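Peer 1: predicted model, plus sequence, below.
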Amino acid sequence: MTPDEMISAIPIPCIHVSLQGRVDALNEKAVELFGAAIRGRHYITAFRQPALLDRIEEAMAHGKSVTGRYIGRQAGRDTSYDVSVAPVMEGGQPAGYMMVFLDITHQEEAGERRSEFVANVSHELRTPLTAINGFIETLRGPAKDDPEARDQFLAIMEREAQRMIRLVEDLLLLTRVEDVERMRPSEPVDIAALVRSVASGLTPQAKAKQARVILDGCEGEKPAPGDSDQLTQLLTNLIENAIKYGRDGGQVTVRLEQLENAVELRGPGLKISVSDDGEGIAERHLGRLTERFYRVDSHRSRGVGGTGLGLAIVKHIVSRHRGRLRIESQLGQGSTFSVFLPYN
């Protein structure tokens, strides 16, 4: 069996290197990764990464299996591979060396996301904890016998504690949503009734901003398959954000439309759009709004009680319902967040 025949059926990149150190066989996946031009080239000019070359030389020098790492670039992003280099034995002697490349890019990216997530959570918690700790020290010292300062500091401490509670609650909610994201809901839910209920529950927040919440197309029943609790959370996040970031005394419009053929869904569905008349969002931010802890204006977001997780939660709920989320905004003209939910 030739080296080409031996590796042709392997479903991941695989390369055979001869005893002379030249690439004499590679399968289709390896061609996709390195290109066909590396056939016949010495492994040093084929791979050009010192750490990997050291591992290949170690396998050749000692006739044993070794593992290494290869860093590549495909479709505009960095890729990572675990590489196994092992001698191919014939009659008790090496007849060449097999290199197998296992793509671990997703694992690496997941690790980076976890590290970034932990760093963000730590930062979000450190700020209020530092503030609370500082006020405690002040209350024990200079403000010990100052009732006015004590009341002021206790109010701030309560606000910071509430902020941490909201953050923890959103983190737990995000985890629960992610846990069931692959399980599509099938029970029918009256979306119109949910919109009316959520809008009614947010009346105090609207009054505090002297804002009006207008419902359009939310009469009667408009059913769609869904998770009632999650869709309630989705609507709460979107409408509450519109109230928070809309202008004082402004208007929030929640529109519910029944579509016979939604382009976004390639079929029938419901469109829920939540519009405000606030400052709007610059185009450069739109693509990142659903990232965890991404804020257009960090100071303002924290000032209105935002945790930076609301739209990330919305994105995952929409994904679980096999829907689509669209965001439109222009500076000075407000924003519209639209959710498309399929009927089936």
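Peer 2: Yep, it's here.
Peer 1: for the stretch 1-150 of the chain, which segments count as helices?
Peer 2: Counting by DSSP state H, counting those that start in this stretch, the stretch 1-150 of the chain has helices at residues 3-7, 28-34, 43-47, 50-62, 105-140, 147-179.
Peer 1: and these: which comes nearest G21?
Peer 2: G21 lies closest to helix 43-47 among the helices of the stretch 1-150 of the chain, at 5.4 Å (CB to CB). No exception for glycine: its C-beta is placed from N, CA and C like everyone else's.
Peer 1: which elements pack onto the closest one?
Peer 2: helix 50-62 (3 or more CB pairs under 8 Å, 6 or more residues apart in numbering; DSSP states H and E).
Peer 1: point out where the protein drops to low pLDDT.
Peer 2: Within the chain, the segments meeting pLDDT under 70 span 1, 298-306, 344.
Peer 1: list the buried residues of the longest strand along the chain.
Peer 2: Assignment by DSSP state E gives strand 77-90 as the longest strand of the chain. Neighbour-count burial for strand 77-90, with 16 or more other CB atoms under 10 Å as criterion, is recorded at T79, S80, Y81, V83, S84, V85, A86, P87.
Peer 1: and the closest residue to the fourth one other than its chain neighbours, what does it touch?
Peer 2: Counting by CB to CB, 6 or more residues apart in numbering, the nearest residue to V83 once its immediate chain neighbours are dropped is G68, at 4.6 Å. With contact set as CB atoms under 8 Å, 6 or more residues apart in numbering, G68 has these partners: A51, L52, D54, R55, I56, D82, V83, V85.
Peer 1: same question, I56
Peer 2: V17, Y43, F47, G68, V85, Y97, M99.
Peer 1: try 7 Å this time
Peer 2: Contacts for I56 were tallied using CB atoms under 7 Å, 6 or more residues apart in numbering; they are Y43, V85.
Peer 1: count of neighbours near R41?
Peer 2: Residue crowding around R41 was assessed by other CB atoms under 10 Å; the count is 14.
Peer 1: how far away is the spatially closest residue to it that is not a sequence neighbour from T67?
Peer 2: Once flanking residues are discounted, R41 sits nearest to V23: 5.7 Å by CB to CB, 6+ apart. In this view, V23 and T67 are 19 Å apart by CB to CB, to the nearest Å.
Peer 1: neighbour-wise, which of the two wins?
Peer 2: V23 (23 against 13).
Peer 1: dig out what that one forms beta bridges with.
Peer 2: V17 (DSSP bridges).
Peer 1: how about P94?
Peer 2: Residues in beta-bridge contact with P94 (DSSP bridges): M89.
Peer 1: how much space separates D151 from L167?
Peer 2: According to CB to CB, D151 and L167 sit 25 Å apart.
Peer 1: between the two, which is the more surrounded one?
Peer 2: L167 (19 against 9).
Peer 1: please tell me how far the most far-flung residue of the chain relative to its centre sits from G21.
Peer 2: No residue in the chain sits farther from the centre than G91, which is 52.5 Å out by CA atoms, centre = their mean. Separation of G91 from G21 (CB to CB) stands at 21 Å.
Peer 1: same deal with L234?
Peer 2: Distance, L234 to G21, using CB to CB: 58 Å.
Peer 1: which one of the helices of the stretch 1-150 of the chain lies nearest to R255?
Peer 2: helix 147-179 (24.6 Å).
Peer 1: show me how far whichever helix or strand comes after that closest one is from its chain's centre.
Peer 2: Using DSSP states H and E, the next helix or strand after helix 147-179 towards the C-terminus is strand 188-190. Taking CA atoms, centre = their mean, to the nearest Å, one finds strand 188-190 lying 27 Å from the centre of the chain it belongs to.
Peer 1: got the contact list for strand 188-190?
Peer 2: E221, K222, P223, A224, P225, G226, S228, L231.
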